[in-house]
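Asker: Show me the folded form of this:
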Amino acid sequence: MRLLFEPLALREMRLSNRVVMPPMVTNYASEEGAVTKRLVDYYEARARGGAGLIIVEMTSPHPAGKGFPCMLGVYNDKFIPGLKELSRSIQSFGACAALQIGHAGRQTSSSITGHRVLAPSPIPSKGTMEIPEELSLEEIQEITESFGQAALRARRAGFDAIELHGTHGYLLNGFLSPYTNKRRDLYGGSFENRLRFPLEVIREVRGKVGEDFPIIFRLCGNEYIEGDEGITPDLAKQIAPRLIEAGIDGVHVTGGIGETRDHLVQPLYYREQYHVYLAEAIKQAIGDAPVITAGSIRDPDSAEKILQEGKADLIAMGRALLADPLFPKKAKTGRSGQIRRCIRCNECVSHLRSGYRILCTVNYDLGREADSQVYPAEKQKKILVVGSGPGGMEAARVLSLRGHDVTLCEKDGFLGGLIHLAAAPPWKKDLLDLVHWLEDQLEKSGVKTHLNTEVDRDFIERIAPDVLVMATGAVPHRPRIPGAESAMTAMDVLRGGAVGETVLVCGGGLIGCETAWYLAEQERKVTIVEMLPDIVPDVEIAARSVILKQLRRYDVRVITKVKMEKVLPGQGAFGIDRNWNQVEIKADTVVLATGLVPNRALYDQVKESRETVLLGDAKKPRRIIDAMHEANHLARFQI
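Answerer: Residues are numbered from 1 along each chain as shown. This next block holds a predicted model:
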């Protein structure tokens, strides 16, 4: 880790290392936009963990620029005391603190801001579909000045630098992009005119903060708009040098906008180090000026290699630092194997986009940093955990930390439960990082782990636990229709079961669609049938976008509003549409992806004999985050 932990300077700011916590809106601020204790605790934990630079999340310079319900504000002097407390807290642990200033532009709504939605041109964001009003020249001048005043407040609040948010479809990005800037005045049309507003903002900010204060610009390296209507890598390479000429000290390169959000915060289906190629291109374009790269960088070895190859000067690791605030310290002290890795499930952004405060699947303590200490139990108990899915493993880990005598039993020859099946497609391998981390933690904690152990009533009586935790998971649901017993399940497919050349997948939820994609990659001709009007309706929006793209790519046929009525072994199935018409779908193999049901057979046998609790899918089939958080809460507060 020679380069990752080398110092670096931007004007008067001296960074102790090259690890950057990028700005990520949390909704931890107050509804008025003020700093809260929760927000301070959250950033303090990442500073304590060893990040060299912490860029505090997007902060609105103007009341109409608010993009989220509880987003920080810097458009009034009243915010300075709270921001000062925040900057000092970050700096007290040796990190430098920058404040990102950004106006949401077309990617907000009047219901959030209480103001008109303003943008370069009246082109609605596909996220809100609210048509914005085109900014007048007077309003452009007003917002330009508001950026300058906001930057001055950031300096008065003790921050070491500011970052201007010029990507992800927000206002500065909106002016730069030919996709969203259709103006015909001096702020639109030509390349020079589209640059005008961002350059005026930079000059205004520089005039307010002085020559010694670092300014970073977060630049969109690729909007990923079909037909190259928006910012492309070539266009970004033309923009970056002009930003440097105008007074920017460093460029932070990302990609994607609201319409292409699967590229903005990449789900686990996409490759790691996703935007590094964009940073490398910008680095070549601007020479010595520091470049920050971002996008699914999850391990220190990858970060070090990026630096050694000269593709960037600093490494932004956002979700990685949500998952493990101690990431930098662990990497620096040779404990990389102990890093709790982000699995790119995007539960954090899913909660944010729904208007809630962010949460993390693998880190229960995110947003709860002040209460993160695990306290010893008042009374130590003998506890038997049955089942080693993520919920069972997490419960065993935390219960052991509290001093309980914990035994974990698993009927298979490996830990992890259904995660192994979920991670069978190569594009879901990130999920196994959670299993590996939990295995390591259990080994260190002293939990007695028994594999290939089928727990029954006699076994429980021999162990005689004070508390029995049933984390026995779930099993596939088979609909009560003729022939269903002859069909495979999605789990059978993921276990490597043989399927024919043509496959009918019954069920258009996440499991069904991922299974269809997995089979289509293997050159099967696949059809999905779903009784609802749409497929994967409840999946995180970026992940859903990728799934739909892949199904189209592999020509997977999708039939909706059809309820399956009969499976014909080796021939396919019959269904009924909403007009009571019979639909026949021919296939060599029928695969059921019709949901899961709790596995409670053992629980029902023993629940009256001793204190017994259900956990995870055994309670109700849900997501990994539900099992992990339920397990952690159970282990800390209920046993």
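
Asker: So Trp580 versus Gly508, what's the distance?
Answerer: Using Cβ to Cβ, to the nearest Å, one gets 21 Å for the distance from Trp580 to Gly508. Backbone N, C-alpha and C define where each C-beta goes, glycine included.

Asker: Look at those two and report which has more neighbours.
Answerer: Gly508 (24 against 6; other Cβ atoms under 10 Å).

Asker: Please name the residues that touch that one.
Answerer: Residues in contact with Gly508, defined by Cβ atoms under 8 Å, 6 or more residues apart in numbering, are Ile528, Val529, Glu530, Leu532, Asp534, Ile535, Val536, Val558, Thr560, Ala593.

Asker: can you rerun that using 6 Å?
Answerer: Neighbour list for Gly508: Ile528, Glu530, Ile535 [criterion: Cβ atoms under 6 Å, 6 or more residues apart in numbering].

Asker: And it, its phi and psi?
Answerer: phi -110, psi 30 (degrees, to the nearest 10).

Asker: before we move on, what about the one 10 residues further on?
Answerer: Tyr518 has phi and psi values of phi -60, psi -40 when expressed as degrees, to the nearest 10.

Asker: Can you get me a residue count around it?
Answerer: As a burial measure, Tyr518 scores 22 neighbours (other Cβ under 10 Å).

Asker: my guess is it meets Ala424, correct?
Answerer: No. The pair Tyr518 and Ala424 does not pass the contact test of Cβ atoms under 6 Å, sitting 7.4 Å apart.

Asker: Val35 - nearest residue in space that isn't next to it in sequence?
Answerer: Excluding its sequence neighbours, the residue lying closest to Val35 (Cβ to Cβ, 6 or more residues apart in numbering) is Gly82, at 3.2 Å.

Asker: quick one: which helix or strand includes the one you found?
Answerer: Of the helices and strands defined by DSSP states H and E, Gly82 is found in helix 80-91.

Asker: And for that helix, what's in contact with it?
Answerer: So helix 80-91 is in contact with 34-35, 40, 43-44, 47, 54, 97, 153, 156-159, going by Cβ under 6 Å, 6+ apart.

Asker: Let me have the residues you listed in TSV, adding secondary structure and neighbour count as columns.
Answerer: TSV is the format used below for the contacts of helix 80-91 (DSSP: H, G, I helix; E, B strand; the rest coil; neighbours: other Cβ atoms under 10 Å):
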residue	secondary structure	neighbour count
Ala34	coil	17
Val35	coil	26
Val40	helix	19
Tyr43	helix	26
Glu44	helix	20
Ala47	helix	22
Ile54	strand	29
Ala97	strand	25
Arg153	helix	26
Arg156	helix	13
Ala157	coil	22
Gly158	coil	17
Phe159	coil	30
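
Asker: Now flag whichever of those is closest to Thr407.
Answerer: Closest approach between those and Thr407, by Cβ to Cβ: Glu44, at 37.0 Å.

Asker: What about the residue nearest to the closest one when sequence neighbours are not counted, how many residues nearby?
Answerer: Ranked by Cβ to Cβ, 6+ apart and with sequence neighbours excluded, the top spatial neighbour of Glu44 is Ser89, at 4.8 Å. Other residues near Ser89 come to 19 when the count uses other Cβ under 10 Å.

Asker: just the one 4 residues further on next, same as before
Answerer: Counted by other Cβ under 10 Å, the residues lying close to Phe93 total 16.

Asker: ok, now the one 5 residues further on?
Answerer: By the other Cβ under 10 Å criterion, the neighbourhood of Ala98 contains 28 residues.

Asker: show me what contacts the residue lying closest to it once chain neighbours are set aside?
Answerer: Nearest-residue entry for Ala98: Ala161, 4.0 Å, with adjacent residues in sequence omitted and distances by Cβ to Cβ, 6+ apart. Under the criterion of Cβ under 6 Å, 6+ apart, the contact list for Ala161 reads Met13, Ala98, Pro214.

Asker: Verify the stated contact: the last one with Ala9.
Answerer: This means Pro214. No. Assessed by Cβ under 6 Å, Pro214 is found out of contact with Ala9, at 9.0 Å.

Asker: quick one: which of these two has more around it?
Answerer: For Pro214 against Ala9, the residue with the higher neighbour count under other Cβ under 10 Å is Pro214, and the figures read 22 against 11.

Asker: For my notes, please list the contacts of helix 80-91 in CSV and give pLDDT for each entry.
Answerer: As requested, the contacts of helix 80-91 are exported to CSV (pLDDT from 0 to 100):
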residue, pLDDT
Ala34, 98
Val35, 98
Val40, 98
Tyr43, 98
Glu44, 97
Ala47, 98
Ile54, 98
Ala97, 98
Arg153, 98
Arg156, 98
Ala157, 98
Gly158, 98
Phe159, 98
